[in-house]
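In: Need a 3D model of the sequence below.
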Amino acid sequence: MRRLYLRIYLALLASLAVFALAAGFLWRQFADTGIVRPATKIAAVLAQNSLPPAQAPLAAQQAALERLAAGLRADVTLFGADDTAQAWVGDALPPPGAERSESGWLRRHAGAPTWGLKLADGRWLVARVPRTRRHPAWGLFYTLAMLALGVGVGAYPVVRRLTRRLENLQAGVESLGAGDFAARVKVEGGDEVARLAESFNRAAARIEQLVAAHKTLLANASHELRTPLTRIRMALELMKGGAEPKRKLQLEQDIAELDALIDEILLASRLDAVQAREADEEVDLLALAAEECARYEGAELHGEPVALRGDPRLLRRMLRNLLENAARHGAPPVDVRVGRGARGVEIAVCDRGPGVPEADRERVFEPFFRRSGGGERAGAGLGLALVRQIARRHGGEARCIAHEGGGSCFVAELT
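Out: A predicted model of the protein is given here:
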């Protein structure tokens, strides 16, 4: 049986059947005790008061027994203390047996249900329901059977609804595995299955986002790599007749640009794939910023010594990318500030360039974002995208704001 809902449903029905059988067995085993015993004692006392003493003539006992059994439509026999029949109505019944010491059902009597009452003077009053009458146990059996049937019918839609949600989740997983990254499942209820569906949807959304980002990255990277490669190819053609120092320098710069772009692509892919920091140590951000500012002409550093636990290699790359972005798109001087902010440590790199329009201040952090009509200086490449990734890797965020007096400020908040 491969269907989960059938397994659960049959397990429920089996549990009900076991419960019904156990209830019937316990009722049969303990029918003589519990609430039945007080009723048995009352019936024995009433029968004792209605019958003459054991020493009374048999005719008197017979007459009393007939009065007692009038209207019962049952076989009734009165036995003495020595198990001899003293009077009976209907068919004579066998004695209860020497092994029986208390009132109750006489199970060794074959046929219709037989009940024995032990009187206070040691006599026994044995009564048997006629065979045409139904055994009292059948009423309990029918009741339990109807209850089991009702629970079984009512449980089926509940079980089916639960397993249908699992089947929907399975279909979503199969669709995702088949390449449909937009596959989602409907979240129903608030139980564990609903939380599992929510987790699947979050995972599917993350996978879709990563796949889309990598597709965009590769598509844009192929376009960006084509430009320096084309220049290198043209330079090589021109160098066949003689290599000018200027062209050799330009070729070296193109090769360096290509190498840097490949390095950024590899770093971006590694940051997407590995969530934990590769290194975690105490870093002096002011000293790190001073080392990077020394590489760029016109970079002015201000701030205070600030220590932060992080990956020094990634933090150095973040500062370098911010400075290269300011040098490429702005105008000197470039103002670099390091200090503490409201949310932790802040690194701000501000330039005097044309600035970034407010509508593009969030999009400049997208890989290879290029503003329309901006020419060669309008491309963001991967530098700012890596800045945001590194800032988030250190528990912070990166944003772009307007700079007083013109230009833009790129602020990285780290915690």
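In: The stretch 101-250 of the chain: strands as residue ranges?
Out: 104-105, 114-118, 124-128 (DSSP state E, counting those that start in this stretch).
In: Summarise which helices and strands the first one is packed against.
Out: The reference is to strand 104-105. If contacts are counted by 3 or more CB pairs under 8 Å, 6 or more residues apart in numbering; DSSP states H and E, strand 104-105 sits against strand 114-118. Placement of C-beta: from N, CA and C, glycine included.
In: For the strand it packs on, C-alpha coordinates in PDB please.
Out: C-alpha atoms of strand 114-118 as PDB (Å, rounded to 0.1, in the frame of the first residue of the first chain):
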ATOM      1  CA  THR A 114     -27.600 -17.500  31.700                       C
ATOM      2  CA  TRP A 115     -27.400 -15.500  34.900                       C
ATOM      3  CA  GLY A 116     -27.000 -16.900  38.400                       C
ATOM      4  CA  LEU A 117     -28.000 -15.200  41.700                       C
ATOM      5  CA  LYS A 118     -26.600 -16.500  44.900                       C
END
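In: show me where pLDDT drops low in the stretch 51-200 of the chain?
Out: 99, 107-112, 130-141, 144 (pLDDT under 70).
In: mind listing the helices for it?
Out: 58-68, 136-177, 192-238 (DSSP state H, counting those that start in this stretch).
In: Any chance of those helices in JSON lines with distance to Asp254 as columns?
Out: Formatted as JSON lines, the helices of the stretch 51-200 of the chain follow (distance: least, CB to CB, whole Å):
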{"stretch": "helix 58-68", "distance to Asp254": "122"}
{"stretch": "helix 136-177", "distance to Asp254": "42"}
{"stretch": "helix 192-238", "distance to Asp254": "5"}
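In: For Ala268, find the nearest of the ones you listed.
Out: Of all the helices of the stretch 51-200 of the chain, helix 192-238 sits nearest to Ala268, with 6.6 Å by CB to CB.
In: so that closest one versus helix 136-177, what angle?
Out: 10 degrees (axes from the mean of the first three to the mean of the last three CA atoms, to 10 degrees).
In: how much distance is there from helix 192-238 to the middle of the chain?
Out: 30 Å (CA atoms, centre = their mean, to the nearest Å).
In: Give me the most central residue, the chain.
Out: Leu196 (3.0 Å; CA atoms, centre = their mean).
In: OK, contacts around the residue nearest to it when sequence neighbours are not counted?
Out: Nearest residue to Leu196, sequence neighbours excluded (CB to CB, 6 or more residues apart in numbering): Leu169, at 6.5 Å. For Leu169, the contacting residues are 185, 193, 196-197, 200, by CB atoms under 8 Å, 6 or more residues apart in numbering.
In: In PyMOL, select just the buried ones from those residues.
Out: Restricted to buried positions by 16 or more other CB atoms under 10 Å, the PyMOL selection for the contacts of Leu169 reads:
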select buried, resi 185+193+197+200
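In: Go through the contacts of Leu169 and name the one nearest Ala127.
Out: Val193 (57.4 Å).
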